[in-house]
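# Build me a model:
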Amino acid sequence: MKKLLIALLWVPLMAFAAGVELHPDKAPDRSRDNAALQNGAKLFINYCLNCHSASYFRYNRLTDIGLTEAQIKDNLLFTADKIGETMTIAMRRAEAKQWFGAAPPDLTVIARARSTVSYSGADWLYTYMRSFYRDDSRPTGWNNTVFPNVGMPHVLWELQGEQVMGADHKLSLAKPGLVKPEEFDVMVGDLVGFLTHIGEPMANFRKQLGVIVLIFLAVLFVFSYALKREYWKDIH
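Here you go, the predicted model:
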């Protein structure tokens, strides 16, 4: 009986391990590139903020990536009246659920939420945004290889063009978009960089502070060890 119970406990784990594991493409690092982050903010506000909010991030925090308050007010402040307000949307969740089948999630911490032990949330988002393809069986006319049967349409299709799924289960570009594929990859990298940034705006400072603290502890260890040797040198 004991062996049977152990076997039953292992069945779900074995089934999970046998599933298809995602191997997303590596997202470019935009954490220290303010120009790329500014472009990502523009893309987010123009293409994503219609349906997805970032309600834990305030417009005035865009000054952290090099924008002035005047630039924010003149070019990016579309869903709020004051620069200190958060990035909310006017669409109601009940209506969104009716239209799309599920309310579009808030994207403030989406990069962190999609992180796993195998890959980062940025890698997942970077691959996801580049993996839409035409599928007439879906209500929106779009599907995604990373998120099968996703309710979200391909909002960047005019830029990327239209991909189709081949008989070999690989994507190919059937109709070119407004930009070249390599240019589209750069734009998606900027967008993902911005989504990663708003999830933890102080990430770079945290990392710098961590290095400083480690250096301080290393120096303190040297002095502490020297003091210990001096204190105990005459004690046997």
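# gap between the two ends of stretch 166-174?
10 Å (C-alpha to C-alpha, to the nearest Å).
# after the lowest-mean-pLDDT helix or strand in the chain comes which helix or strand?
Ranked by mean pLDDT, DSSP states H and E, the weakest helix or strand in the chain is helix 2-17, scoring a mean of 43. Counting by DSSP states H and E, the element after helix 2-17 in chain order, helix or strand, is helix 34-43.
# Packing partners of that following helix?
If contacts are counted by 3 or more C-beta pairs under 8 Å, 6 or more residues apart in numbering; DSSP states H and E, helix 34-43 sits against helix 181-199. Where you see a C-beta, it was placed from the backbone N, CA and C, and this is true even at glycine.
# Need the CA coordinates for the helix it packs on. CSV is fine.
C-alpha atoms of helix 181-199 as CSV (Å, rounded to 0.1, in the frame of the first residue of the first chain):
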residue,chain,number,x,y,z
PRO,A,181,12.0,42.1,-38.9
GLU,A,182,15.2,43.1,-37.3
GLU,A,183,13.8,46.6,-36.6
PHE,A,184,10.7,45.0,-35.1
ASP,A,185,12.9,42.9,-32.8
VAL,A,186,14.6,46.1,-31.6
MET,A,187,11.3,47.7,-30.9
VAL,A,188,10.0,44.7,-29.0
GLY,A,189,13.2,44.7,-27.0
ASP,A,190,12.6,48.3,-26.0
LEU,A,191,9.1,47.6,-25.0
VAL,A,192,10.0,44.6,-22.9
GLY,A,193,12.8,46.7,-21.4
PHE,A,194,10.3,49.3,-20.3
LEU,A,195,8.0,46.6,-18.9
THR,A,196,10.9,45.2,-16.9
HIS,A,197,11.8,48.7,-15.7
ILE,A,198,8.4,49.6,-14.3
GLY,A,199,8.3,46.3,-12.4
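# Can you list the buried residues in it?
184-199 (16 or more other C-beta atoms under 10 Å).
# residue nearest the centroid of the chain?
The residue lying closest to the centre of the chain (C-alpha atoms, centre = their mean) is residue 111, at 2.9 Å.
# Am I right that that one is in contact with residue 199?
Yes: between residue 111 and residue 199 there is a contact at 4.7 Å, judged by C-beta atoms under 8 Å.
# Overlap of the contact sets of the two?
Counting by C-beta atoms under 8 Å, 6 or more residues apart in numbering, the shared contacts of residue 111 and residue 199 are residue 121.
# Which of the residues in stretch 209-216 are classified as buried?
So stretch 209-216, judged by 16+ other C-beta under 10 Å, has zero buried residues.
# chain center to it, what's the gap?
In terms of C-alpha atoms, centre = their mean, to the nearest Å, the centre of stretch 209-216 is found 27 Å from the chain centre.
# For that stretch, output the C-alpha coordinates as CSV.
C-alpha atoms of stretch 209-216 as CSV (Å, rounded to 0.1, in the frame of the first residue of the first chain):
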residue,chain,number,x,y,z
LEU,A,209,24.1,49.3,-3.5
GLY,A,210,24.6,45.6,-3.2
VAL,A,211,28.1,45.8,-4.6
ILE,A,212,28.9,48.7,-2.3
VAL,A,213,27.7,46.7,0.7
LEU,A,214,29.7,43.6,-0.3
ILE,A,215,32.8,45.7,-0.6
PHE,A,216,32.2,47.3,2.7
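# pLDDT (mean, whole number) over it?
Taken as a whole, stretch 209-216 carries a mean pLDDT of 95.
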